[in-house]
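[1] structure for the following, please:
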Amino acid sequence: MQSVIASNPEASRGRLYSEEESKYRSPFQRDRDRVIHSKAFRRLKHKTQVFVAHEGDHFRTRLSHTIEVAQVARTIAKTLNLNSELTEAIALAHDLGHPPFAHVGEDILKMKMKNYGGFDHNAQAIKIVTSLEKNYAEFDGLNLTWETLEGIAKHNGPLINPIPYTLNNYTQKHNLELKTHASAEAQVAAISDDIAYNNHDLDDGLRANLFTENDIFGLPIVGECFSLVDVKYPNLDPIRRRNEALRRIFSAMVEDVITYSLYLIKGTPLYSSRDVRELGSQLIQFSPEMTEKINEIRTYLFDNMYRSDRVNIMRERASLVVNGLFDFFMNDSKLLPKQWAHGENELEQARLISDYLSGMTDGYAELKYTKLTSGT
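    Below you'll find the model as predicted:
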């Protein structure tokens, strides 16, 4: 039985363009399926999470990260008696707007678009699912429900001015109520993102030899989980030992979110999903103790992984490629494919270039840059 604060598909605020609903799938299930079948979702396979593809086959990509987020989100949503289909739809769509080369790609686009309305990957995800995907006869985009669009736009919390240009444009015709919190399902998707990347970045950092198990033994949660494994499985093969410990770290974060969020839900007078949006604070949270521990892990990863020499070399290359492509296209729109070269003024052309670049995979961006710089 779903909680009173769960989003009810039968009470959905609907789609921008009216459609006959499916006999066999709920509106939120259709949203999830449309995201999975989109071209933007498939491109996530070839977009960097932290390490570029040629670094190794087992490092996370943006797609494998997204699938891990969706798996965590389903588990938490089901345990909290929320709508798991809406949760999964938001989780699967949450990174659709990420440009190539992980966060450095977004940083460069933000800088290049500073005078043209800026760039934000959540806002770009909304643009993708409302206009850039062109698969259907009767509308552009995926025509997702209001609840899914709201969750994509503000799963990280309310949006206060300045609201990203792209998102502001869309909400003029379809009000997503950006200044309130999102549904409990969207909040689950957001915290599942935190759980997934904190856990798999430890795994990828160890795999890349940026640090060792001994280096991170002193981190909260981490050392405890390795010790538990050592007691239960003495002399275990190092790879299995690592996997067993990481699995326990993962579980500790998930269980903390469930336990603390249930505590908040039971201690707060809530009678509908609307009450969650108007609460004024996040309902789905880590406990204060877990938050402090995770912040320490994040600080370690920032210093020893995200700003490591090996990752910085990739950052420099990514910066060169994205910067270079943007400048090439702004200086000569004839270098763009026809569908991206029809801006009526400088602002419109910059927005088109931003859309084009943000949709690229790492490999495609590298290929375009190589061709343009070699003159072939």
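
[2] center of this structure, which residue is that?
    Against the mean C-alpha coordinate of the chain, by C-alpha atoms, centre = their mean, the closest residue is Asp95 at 3.3 Å.

[3] quick one: secondary structure of that one?
    coil (DSSP: H, G, I helix; E, B strand; the rest coil).

[4] buried set for stretch 70-88?
    If you call a residue buried by 16 or more other C-beta atoms under 10 Å, then stretch 70-88 has these buried ones: 70, 72-77, 79-88. In this view, the C-beta of every residue, glycine as well, is placed from N, C-alpha and C.

[5] now that stretch, how far from the chain's geometric center?
    16 Å (C-alpha atoms, centre = their mean, to the nearest Å).

[6] repeat for stretch 258-271
    25 Å.

[7] contact partners of it?
    Residues from elsewhere that reach stretch 258-271 (C-beta atoms under 8 Å, 6 or more residues apart in numbering): 3-5, 76, 79-80, 275-276, 279, 283-287, 290.

[8] among those residues, name the buried ones.
    5, 76, 79-80, 276, 279, 283-286, 290.

[9] a markdown table for these, including secondary structure and distance to Leu149?
    Output for those, formatted as a markdown table (DSSP: H, G, I helix; E, B strand; the rest coil; distance: C-beta to C-beta, whole Å):
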| residue | secondary structure | distance to Leu149 |
| --- | --- | --- |
| Ile5 | coil | 19 |
| Ile76 | helix | 21 |
| Thr79 | helix | 25 |
| Leu80 | coil | 22 |
| Val276 | helix | 17 |
| Leu279 | coil | 20 |
| Leu283 | coil | 20 |
| Ile284 | coil | 19 |
| Gln285 | coil | 24 |
| Phe286 | coil | 26 |
| Met290 | helix | 30 |
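
[10] from those, pick the one nearest Tyr197.
    Phe286 (14.1 Å; C-beta to C-beta).

[11] the closest one against Ile191, yeah?
    Yes: contact status for Phe286 versus Ile191: in contact at 7.1 Å, counting by C-beta atoms under 8 Å.

[12] joint contacts of these two?
    Counting by C-beta under 8 Å, 6+ apart, the residues touching both Phe286 and Ile191 are Val257.

[13] pick out the most distant pair among the contacts of stretch 258-271.
    Among the contacts of stretch 258-271, Val4 and Met290 lie farthest apart (C-beta to C-beta), at 26.3 Å.

[14] next up, the contacts around Thr87.
    Contacts for Thr87 (C-beta under 8 Å, 6+ apart) come out as 73-74, 76-77, 185-186, 188-189.

[15] now, those that are in helices?
    Per DSSP state H, helices hold the following members of the contacts of Thr87: 73-74, 76-77, 185-186, 188-189.

[16] any idea how many residues pack against the nearest residue in space to Lys179 that is not next to it in sequence?
    Nearest residue to Lys179, sequence neighbours excluded (C-beta to C-beta, 6 or more residues apart in numbering): Pro158, at 5.2 Å. Pro158 has 13 neighbours, counted by other C-beta atoms under 10 Å.

[17] look at Pro158 and report its pLDDT.
    At Pro158, the pLDDT value in this model is 92.

[18] and the buried ones among the contacts of stretch 258-271 as JSON lines, adding distance to Glu296?
    Shown next, in JSON lines, are those (distance: C-beta to C-beta, whole Å):
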{"residue": "Ile5", "distance to Glu296": "31"}
{"residue": "Ile76", "distance to Glu296": "23"}
{"residue": "Thr79", "distance to Glu296": "26"}
{"residue": "Leu80", "distance to Glu296": "26"}
{"residue": "Val276", "distance to Glu296": "29"}
{"residue": "Leu279", "distance to Glu296": "28"}
{"residue": "Leu283", "distance to Glu296": "24"}
{"residue": "Ile284", "distance to Glu296": "21"}
{"residue": "Gln285", "distance to Glu296": "17"}
{"residue": "Phe286", "distance to Glu296": "13"}
{"residue": "Met290", "distance to Glu296": "11"}
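
[19] just the residues you listed now: which is nearest Asp33?
    Ile76 (21.1 Å).

[20] is it true that the closest one touches Ser192?
    Yes: using C-beta under 8 Å, Ile76 is in contact with Ser192, at 6.3 Å.

[21] quick one, helices of the stretch 1-150 of the chain?
    In the stretch 1-150 of the chain, the helices defined using DSSP state H, counting those that start in this stretch lie at 27-36, 39-43, 62-79, 84-93, 102-112, 121-127, 146-154.

[22] winner for burial among those?
    Across the helices of the stretch 1-150 of the chain, the average number of neighbours (mean count of other C-beta atoms under 10 Å) peaks for helix 84-93, which reaches a mean of 30.
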